[in-house]
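Chemist: need a structure here:
(one chain, ligands or ions: 1)
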Amino acid sequence: MKKLLSMLLALVLSLGLVACSNGGTAPEGNEGGEESSAEETTNEGGETYDVGVAIYQFNDNFMTLYRNEIESYFGSLNDGNTYNLKFVDGKNDMAEQSNQIDSFITEGMDVIILNLVQTSSADAIIDKIVAAGIPLVLINREPLGEDGDESYKGILDNPTVCYVGADARQSGTYQGEIVAELPDKGDINGDGKVSYVMIEGDPENVDAQYRTEYSIKALTDAGIEVEELDDQVGNWDQTKGQEIAANALSQYGDKVEVIFCNNDAMALGAAAAITAAGRKVGEDIYLLGVDALDECVEMVNNGTMTGTVLNDHIGQSHTAVDVAVKALKGEAIDNYYWVDYVKVTKN
Ligand code: GAL
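Modeler: Numbering: from 1, shown residues only. The predicted model follows:
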């Protein structure tokens, strides 16, 4: 009998230990890298919050850095609370992302951090999140108001909705300024004008629209004459950037003096095309990107890229998390939070 009792006790104790080690919630599956969840350290006495993070597409260099930093920053908060994070991949498909938001609502997320696939769907998505009483932090893809500025009603009229991002006009301006500050101001062949190729990100994104517009505006504002040889959409993608640059270089040859890319991934592709065409950055062509991926900062320093602009994923992700935590505590949040871009040239 005694033996039976001690066996029973051992069984009860071991079951108890299993229950404790699961913390009551089993981690979600991570099928094919499409979804991931991370449970942060539990501290006695704190609150437990479920945080849904919807990213437009995992397959994006910059948004991967941003996403990883959201996770590690939540993990470093150490504020006595437990944050159960669930990341979902929108796969650049708005219908898919809309379903993911429906699931977040059904699962009862306490806050949502959202990188929209399409800002044109912002109204519908925000409406359902607000109706469910869940605070929302929009990141990276800014929905603009009717005046094409920060007059967007989905944010201004909803005190629990905000946007955290960087002003894309600034990044475009910095790209143009980097060229205007070169000794030849980008006019390599001395014909009195800068002949350029523009490689754009997804044209639905304000980042692509503003970088395209403001990079050239910085040149013309500096009194520099410009000639657009080509302007193509590369959708933020390295392979497309390479294809577009290769075609432009074969079509326009030595006429191409500057290749502006709306991001570094496409600039990496363009760099490969430049090398394949037997051209040399800094000697017979200039190449600009945005994001300051480690690889590109290295290229700027060794001269294989003319310049890039730091898109501060650390500042943006930390701000997004801090604001999400504020909202979770029921504190008032602002409509907009801005993080500066920084010019990156050879040091
Ligand atoms: C931009 C970034 C791009 C891409 C895009 C996605 O801010 O520069 O590389 O990540 O966001 O919307």
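
Chemist: Show the contacting residues for the residue nearest to E150 when sequence neighbours are not counted.
Modeler: On the basis of Cβ to Cβ, 6 or more residues apart in numbering, the spatially nearest residue to E150 that is not a chain neighbour turns out to be Y336, at 5.8 Å. Backbone N, C-alpha and C define where each C-beta goes, glycine included. Shown here is Y336, whose contacts under the criterion Cβ atoms under 8 Å, 6 or more residues apart in numbering are 150, 155, 162-165.

Chemist: count of neighbours near the nearest residue to D93 once chain neighbours are set aside?
Modeler: The shortest distance from D93 to any residue other than its chain neighbours is 6.4 Å, reached at V117 (Cβ to Cβ, 6+ apart). Residue neighbour count, defined by other Cβ atoms under 10 Å, stands at 25 for V117.

Chemist: that's a helix at V117, yeah?
Modeler: No. Per DSSP: H, G, I helix; E, B strand; the rest coil, V117 lies outside any helix segment and is coil.

Chemist: pretty sure it contacts M94?
Modeler: Yes. Under the criterion of Cβ atoms under 8 Å, V117 lies in contact with M94, with a separation of 4.4 Å.

Chemist: Run through the residues that contact V323.
Modeler: 137, 162, 164, 333, 337.

Chemist: Rebuild those residues as TSV, extending it with neighbour count, secondary structure and distance to the ligand.
Modeler: Listed next are these as TSV, based on neighbours: other Cβ atoms under 10 Å; DSSP: H, G, I helix; E, B strand; the rest coil; distance: Cβ to the nearest ligand atom, whole Å:
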residue	neighbour count	secondary structure	distance to the ligand
V137	27	strand	16
C162	23	strand	18
V164	26	strand	12
I333	18	coil	22
Y337	18	strand	15
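
Chemist: Reformat those residues as JSON lines; add pLDDT.
Modeler: Formatted as JSON lines, the entries for the contacts of V323 read as follows, by pLDDT from 0 to 100:
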{"residue": "V137", "pLDDT": "98"}
{"residue": "C162", "pLDDT": "98"}
{"residue": "V164", "pLDDT": "98"}
{"residue": "I333", "pLDDT": "98"}
{"residue": "Y337", "pLDDT": "98"}
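
Chemist: Report all helices and strands that the strand or helix carrying A218 contacts.
Modeler: Assignment of secondary structure by DSSP states H and E places A218 within helix 206-221. Other helices and strands packing on helix 206-221, by 3 or more Cβ pairs under 8 Å, 6 or more residues apart in numbering; DSSP states H and E, are helix 168-180, strand 194-200, strand 226-233, strand 258-261.

Chemist: And the contacts of the longest one?
Modeler: Which is helix 168-180. If you take Cβ under 8 Å, 6+ apart as the criterion, helix 168-180 is touched by 142, 185-186, 194, 206-207, 209-219, 221-222, 224, 258, 260, 286, 288, 290, 306-307, 309, 311, 340-343, 345.

Chemist: Okay, angle between that helix and strand 226-233 too, please.
Modeler: An angle of 130 degrees separates the directions of helix 168-180 and strand 226-233 when computed by axes from the mean of the first three to the mean of the last three Cα atoms, to 10 degrees.

Chemist: Kindly report the same for the second one.
Modeler: Using the same axes, to 10 degrees, the interaxial angle of strand 194-200 with respect to strand 226-233 works out to 20 degrees.

Chemist: mind saving the C-alpha coords of strand 194-200 as PDB?
Modeler: Presented in PDB, the C-alpha positions along strand 194-200 are these (Å, rounded to 0.1, in the frame of the first residue of the first chain):
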ATOM      1  CA  VAL A 194      22.500  63.400 -64.800                       C
ATOM      2  CA  SER A 195      21.100  60.500 -66.800                       C
ATOM      3  CA  TYR A 196      19.500  58.000 -64.500                       C
ATOM      4  CA  VAL A 197      17.600  54.700 -64.200                       C
ATOM      5  CA  MET A 198      15.000  54.400 -61.400                       C
ATOM      6  CA  ILE A 199      14.200  51.000 -60.000                       C
ATOM      7  CA  GLU A 200      11.000  51.200 -57.900                       C
END
